[in-house]
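[1] 3D model of this:
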Amino acid sequence: MTLRGSTAWGRGRRRPGRPPAIGEAEIAEAVLAVGFRDLTFAGVAERLSVGQATLYRHAANRDALVRMGLDLALRRIEWPDLEGSWRELLERWSLASWHAWEHYPGAVTEATRGVVPASMVELSDRIGLALVDRGFSPRNAVLAVDLVFDLAADSRRGVEAMAATLESQPASVRQAMEAEWATQHGSSEAAAQLRGEMVRAIREDPAAWFHGKLRIVLAGIDHELAPEHTHEEQR
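    The predicted model follows:
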């Protein structure tokens with residue numbers, strides 16, 4: 001299920017006269033080609049073989065470029081269907097969101113600083129309405145959607161931060177953290193066990209670790225937000 005909603009890209013009647021050298025569709029493609037981590041006006045202009053002045057006619061600032069790229073990225077993702085219980089639905093969509101951010105490195109950092117494309121609003125509406133159809137109040141539907149998608153975004157942002165290289169040493173943040181936890185000796189047997197578990201957590205597959213946290217959040221939604229008549233259905 002991909003988003004097929006309307007966008008301004010090439011829609012409607014063409015204006016009379018000479019067509020523009022580029023449009024939002026081409027700019028969005030160029031943004032994805034350059035990548036969110038390395039995104040600059042100069043990089044996108046070079047990718048499109050146009051001057052930066054031409055690009056500024058279509059995008060007033062970097063945030064506008066980000067919004068175009070995010071919108072296209074989210075519309076290209078094959079999202080799950082809306083079938084099943086509310087819990088199955090939220091689990092599928094949250095996992096799909098996690099992998100969507102994984103597919104476009106740097107995108108989650110841009111989205112979580114407040115650059116929200118139309119496609120993100122459409123996705124949120126789609127899932128929220130599906131929860132309302134299953135008996136959630138509008139407020140509880142928004143809380144549930146916010147919880148699981150914030151969790152996915154925060155997890156992916158953390159994974160990308162852990163993969164970064166430290167300036168002080170030729171190692172990733174993940175490797176440095178593992179070394180710190182592994183070499184420090186606990187003051188008791190319980191502390192040593194905790195440190196061992198932390199090392200295992202750092203080494204664990206990030207998607208699996210996220211899925212474990214997601215199950216806990218879903219249990220909380222079941223207890224605090226879900227309609228009472230669905231509690232037994234989820235068990």
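
[2] Could you use CA atoms for every contact and neighbour count after this?
    Will do.

[3] May I ask which helix or strand encompasses the most centrally placed residue in the chain?
    When C-alpha atoms, centre = their mean is applied to the chain, the residue found nearest the centroid is W101 (4.1 Å). Per DSSP states H and E: W101 is located in helix 86-103.

[4] So which elements touch that helix?
    Judged by 3 or more C-alpha pairs under 8 Å, 6 or more residues apart in numbering; DSSP states H and E, helix 86-103 is in contact with helix 118-133, helix 138-163, helix 206-224.

[5] and if we set it to 7 Å?
    Under the contact definition 3 or more C-alpha pairs under 7 Å, 6 or more residues apart in numbering; DSSP states H and E, helix 86-103 sits against helix 138-163.

[6] Any buried residues in the helix it packs on, and which?
    140-142, 144-145, 147-149, 151-157, 159-160, 162 (16 or more other C-alpha atoms under 10 Å).

[7] re the thing from before, ok, and what's touching the very next helix or strand once past the helix holding W101?
    Per DSSP H and E, the first helix or strand lying C-terminal to helix 86-103 is helix 107-112. Contacts to helix 107-112, defined as C-alpha atoms under 7 Å, 6 or more residues apart in numbering, come from residues 36, 70, 101, 153, 157.

[8] which residues does the second one contact?
    The neighbours of L70, taking C-alpha under 7 Å, 6+ apart as the test, are 107, 117.

[9] roughly how far out does the helix or strand encompassing it sit from the chain middle?
    Per DSSP H and E, L70 falls inside helix 62-76. Centroid separation for helix 62-76 versus its chain: 12 Å, with C-alpha atoms, centre = their mean, to the nearest Å.

[10] One more: stretch 206-224?
    That offset, for stretch 206-224, works out to 16 Å (C-alpha atoms, centre = their mean).

[11] So for that stretch, what gets flagged as buried?
    Neighbour-count burial for stretch 206-224, with 16+ other C-alpha under 10 Å as criterion, is recorded at 207, 210-211, 214, 217-218, 221-222.

[12] now L32: how far from V108?
    To V108, L32 is 13 Å away according to C-alpha to C-alpha, to the nearest Å.

[13] go on, S172?
    Counting by C-alpha to C-alpha, the gap from S172 to V108 is 20 Å.

[14] between the two, which one's more packed in?
    Shown here are S172 and V108; by other C-alpha atoms under 10 Å, V108 has more neighbours (24 against 16).

[15] Model confidence score at the more buried one, please.
    V108 carries a pLDDT score of 95 in this model.

[16] now swap in the one 4 residues further on and tell me
    The per-residue pLDDT reported for T112 equals 92.

[17] Any idea how many residues pack against it?
    Neighbours around T112, by other C-alpha under 10 Å: 13.

[18] Kindly provide the distance from the closest residue to A153 other than its chain neighbours to A219.
    Closest residue to A153 in three dimensions, ignoring its sequence neighbours and counting by C-alpha to C-alpha, 6 or more residues apart in numbering: V108, at 6.1 Å. Per C-alpha to C-alpha, V108 is found 25 Å from A219.

[19] State the phi and psi torsions of D38.
    With angles defined as degrees, to the nearest 10, D38 sits at phi -110, psi 20.

[20] Could you give the number of residues near it?
    Other residues lying near D38 total 10 when counted by other C-alpha under 10 Å.

[21] Also the one 3 residues further on?
    Burial of F41 is recorded as 18 neighbouring residues (other C-alpha under 10 Å).

[22] Quick one: residues contacting it.
    Residues near F41 by C-alpha under 7 Å, 6+ apart: 52, 62.

[23] Look at D81 and give its secondary structure.
    coil (DSSP: H, G, I helix; E, B strand; the rest coil).

[24] And it, how far from A96?
    Here D81 is placed at a distance of 11 Å from A96 (C-alpha to C-alpha).
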